[in-house]
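okay, sequence plus prediction incoming.
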Amino acid sequence: MTYESILVSACLLGVSCRYDGSHAWCPEVFDELWRSHFIPICPEQLGGLGTPRPPAALDGGGGADVLEGKARVLTGEGEDVTPAFLKGAEEALRLALLAKAKKAILKDRSPSCGCRNIHRREGIGSGVGVTAALLAKNGIQVFSEEGEPLVFWEEMDKC
């Protein structure tokens, strides 16, 4: 029997890796994974940011804009953490490719992992995070913890 490989936001599996040192345990996600090989990831940690860390938000656009150099990721104090978010997204993609993962379940509303909504400087709004955008751009299906699919790549420019 072969199992599919799935990237999963580590915080959804109970790993205390969120910006404030908490987790976002989601038993429904865990129950869905029992017939798969899953790879827990925290793109922000993969990018070199510690836990806890200052909260960050997208400024000037969504994750696709960050990938194109048109937007940034800033902390509440205004520190530019874009390079760490880009590195984390690249590392998550590298892990997905190594594991031949075709699917990712990511934490919505995250500036890295959000696939329907993200933290923006002006508050939570529709859009896609940096890692979610890079994975989708490379053909990986991205879903939120609620099972909602990522908006289509073509629609990300509108977010």
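Looks like it arrived, so ask away.

going forward, measure contacts and count neighbours with C-alpha atoms only.
Will do.

on the three-state scheme, the spatially most central residue of the chain is what?
Central residue check for the chain by Cα atoms, centre = their mean: the C-alpha nearest the mean position is that of residue 113, 1.7 Å away. Using DSSP: H, G, I helix; E, B strand; the rest coil, the three-state assignment for residue 113 comes out as coil.

elements contacting whichever helix in the chain runs longest?
Ranked by number of residues, the top helix in the chain under DSSP state H is helix 82-99. Secondary structure elements in contact with helix 82-99, counted by 3 or more Cα pairs under 8 Å, 6 or more residues apart in numbering; DSSP states H and E, are strand 4-9, helix 43-46, helix 63-67, strand 72-75, helix 130-137.

quick one: work out the angle between that helix and helix 130-137.
40 degrees (axes from the mean of the first three to the mean of the last three Cα atoms, to 10 degrees).

buried sites along helix 82-99?
82, 84-93, 95-96, 99 (16 or more other Cα atoms under 10 Å).

closest to residue 118 out of these?
Minimum distance to residue 118 across the buried residues of helix 82-99 is 13.8 Å, recorded for residue 85 (Cα to Cα).

picking up where we left off before, so which of the buried residues of helix 82-99 comes closest to residue 3?
Ranking the buried residues of helix 82-99 by separation from residue 3, with Cα to Cα as the measure, puts residue 99 on top at 11.2 Å.

so for the closest residue to that closest one other than its chain neighbours, what's the pLDDT?
The shortest distance from residue 99 to any residue other than its chain neighbours is 6.3 Å, reached at residue 5 (Cα to Cα, 6 or more residues apart in numbering). We note a pLDDT of 93 for residue 5 in this prediction.

next one: residue 154
The predicted local confidence for residue 154 is 48.

what does residue 114 give?
In the prediction, the pLDDT value recorded for residue 114 is 95.

OK, contacts around it?
In this structure, residue 114 makes contact with 106-108, 127-129, 132, 144, judged by Cα atoms under 8 Å, 6 or more residues apart in numbering.

at 7 Å what do you get?
Contact partners of residue 114, counting by Cα atoms under 7 Å, 6 or more residues apart in numbering, are 106-108, 128-129, 132.

ok, and the closest non-adjacent residue to residue 117?
Spatial nearest neighbour of residue 117, chain neighbours left out: residue 126 (4.2 Å); criterion: Cα to Cα, 6+ apart.
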